[in-house]
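Undergrad: Need coordinates for the following:
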Amino acid sequence: MDLFTCIFIGIGLAMDASAVSLSKGFTMKSLNLNNIIKISFLFGSFQAFMPLIGWFIGINLIHLISGLDHWIAFGLLNFIGFKMVYHSIKKNIKEKDSNHFNFKILLILALATSIDAFAVGLSLSFLRISIILPILIIGIITFIFSFISVLIGYKLGHFLEKEVEMLGGLILIGIGIKILLEHLF
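TA: Residues are numbered from 1 along each chain as shown. Next comes the predicted model:
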């Protein structure tokens, strides 16, 4: 697989992680480089690791996974999204940094946004090409896009103040619905 194809696959796969990263940036009360690196590293790692898993599983189990992947992503993203919306209604905006960079929550989001990368890995296994270059590029692009998206979300979050957490939750719900609709129609 050539470099340009790998780059375009990486950009495509990074979009969901970027949108979630943007919503996480909305919730940051202060610029925290550790949180930015944590989310970028998790998302980049999952986006690189999931195609590798898909590659190794190959064609043998595709019929089992393809019917459920969109439902899993939909459920996880909506769970976190509705939790954020609920939290935004119940809590004061001054408490907005409280739990949004919790490792377990970020792990769930990284998994939910990387399920499509698993399917890409399955597809690449059919082509019988080396998986090393695609997973490196996918991981690096996702890391960079997530990093930049958190920073953009942080900057935009200060303009939106009270609505930021709700907006972030609604973005996650929208991504979940988008994934579900793409697979149903």
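Undergrad: Does residue 28 belong to a helix, a strand or coil?
TA: Put simply, residue 28 is coil when judged by DSSP: H, G, I helix; E, B strand; the rest coil.
Undergrad: List the contacts of stretch 132-145.
TA: Here stretch 132-145 makes contact (CB atoms under 8 Å, 6 or more residues apart in numbering) with 1, 3, 6-7, 9-11, 13-15, 17-18, 21, 40-41, 43-45, 47-49, 51-52, 117, 120-121, 124. To be clear about C-beta, it is placed using only N, CA and C from the backbone, and glycine gets the same treatment.
Undergrad: which of these count as buried?
TA: Buried members of the contacts of stretch 132-145, counted by 16 or more other CB atoms under 10 Å: 6, 9-10, 13-14, 17-18, 21, 40-41, 43-44, 47-49, 51-52, 117, 120-121, 124.
Undergrad: which ones among the contacts of stretch 132-145 are found in helices?
TA: Per DSSP state H, helices hold the following members of the contacts of stretch 132-145: 3, 6-7, 9-11, 13-15, 17-18, 21, 40-41, 43-45, 47-49, 51-52, 117, 120-121, 124.
Undergrad: how about the helices in this structure?
TA: Counting by DSSP H, the helices of the chain are 3-26, 33-57, 62-65, 69-90, 103-127, 132-160, 164-184.
Undergrad: buried sites along the longest one?
TA: In terms of neighbour count (16+ other CB under 10 Å), helix 132-160 has its buried residues at 134-135, 137-143, 145-151, 153-154, 157.
Undergrad: follow-up on the earlier one: redo the helices of the chain as TSV? Include mean pLDDT.
TA: Formatted as TSV, the helices of the chain follow (pLDDT from 0 to 100):
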stretch	mean pLDDT
helix 3-26	87
helix 33-57	93
helix 62-65	62
helix 69-90	72
helix 103-127	83
helix 132-160	90
helix 164-184	75
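Undergrad: Please report how far the closest residue to residue 173 other than its chain neighbours lies from residue 7.
TA: Nearest residue to residue 173 in three dimensions, chain neighbours excluded: residue 81, at 3.7 Å (CB to CB, 6 or more residues apart in numbering). With the distance defined as CB to CB, to the nearest Å, residue 81 ends up 30 Å from residue 7.
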